[in-house]
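Q: next comes the sequence, and after it the predicted model I'd like to discuss.
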Amino acid sequence: MARFLRHAKTGKLVRIEIPAREMAEKILGVDVDDLTRWTTLIPPARGEGKEAIYAVRTRDELARLRKRAALLRTNMNERAVAAVEEAGLLDAYAALAEDCPPGITAHVWRSYGLIVLMQVRYGKKIGAEELARRANLVKLDEDGKTVPDVETAAKHIRLLVALGYLADEDGRWKHQGLPKSWVGSEG
């Protein structure tokens, strides 16, 4: 059960301490075993594993933890989630993760959204090269220069085709519509 810790003199709430199982299942909506693996982005205040205690000090901190958990739930690794957050894209990716299908990371779902958006809005079927460029999928070449990562883009497309979210049909992508978080922008 969560403990509410208050300042001795002012009575102001200082932090809430939450046991691992409650933090996982009730607050973040994840399995406790998953939460105990995500110690870099969702570190416990003390203890470890299922006996850990998590501390939250502000609503903003809690919101940030929920967004991180949403991305981690899509099987993105902690390093990738940290990079998304560092780039200032945590809110956008967390919204995208809301309807991200099982077996697909938020990065791949973003690629799906971009492929569908280009076709729906502009009538243009894009392939791996253009996806890499437009989605800013990059890697370092032998000279240390940043270049579009066409291989990763192609891998995203192959996965989306294999899972049935995209199909090449008559020179267009047959798809299942834009991700829910993108629909509002289509208006």
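A: Happy to help now that I have it. Keep in mind that this is a model prediction, so the values were computed, not measured. Residues are numbered from 1 along each chain as shown.

Q: mind listing what the residue nearest the centre of the chain touches?
A: The centre of the chain sits closest to L71, judged by C-alpha atoms, centre = their mean, with a distance of 2.7 Å. Shown in contact with L71 (C-beta atoms under 8 Å, 6 or more residues apart in numbering): A80, V81, V84, L90, Y93, A94, A97, A106. Where C-beta positions appear, they are placed from N, C-alpha and C, glycine not excepted.

Q: so it is in which element?
A: Taking DSSP states H and E as the criterion, L71 maps to helix 59-72.

Q: flag every buried residue along that helix.
A: Neighbour-count burial for helix 59-72 flags L62, R64, L65, K67, R68, A69, A70, L71, L72 (criterion: 16 or more other C-beta atoms under 10 Å).

Q: was I right to think the first one contacts M23?
A: It stands for L62. No: counting by C-beta atoms under 8 Å, L62 does not reach M23; the two are 10.0 Å apart.

Q: for burial, what's the neighbour tally of V183?
A: 11 (other C-beta atoms under 10 Å).

Q: so what's it up against?
A: Shown in contact with V183 (C-beta under 8 Å, 6+ apart): G177.

Q: just the CA atoms of the longest helix anywhere in the chain, as CSV, please.
A: When the chain is parsed with DSSP state H, its longest helix is helix 106-122. Output of helix 106-122 as CSV, limited to C-alpha atoms (Å, rounded to 0.1, in the frame of the first residue of the first chain):
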residue,chain,number,x,y,z
ALA,A,106,6.8,2.4,-31.0
HIS,A,107,9.7,3.1,-33.5
VAL,A,108,8.2,0.6,-36.0
TRP,A,109,4.7,1.9,-35.4
ARG,A,110,5.9,5.4,-36.1
SER,A,111,7.3,4.2,-39.4
TYR,A,112,3.9,2.6,-40.1
GLY,A,113,2.2,5.9,-39.4
LEU,A,114,4.6,7.8,-41.6
ILE,A,115,4.1,5.4,-44.5
VAL,A,116,0.4,5.6,-44.2
LEU,A,117,0.4,9.4,-43.8
MET,A,118,2.4,9.9,-46.9
GLN,A,119,0.0,7.8,-48.9
VAL,A,120,-3.2,9.1,-47.4
ARG,A,121,-2.3,12.8,-47.4
TYR,A,122,0.0,13.0,-50.4
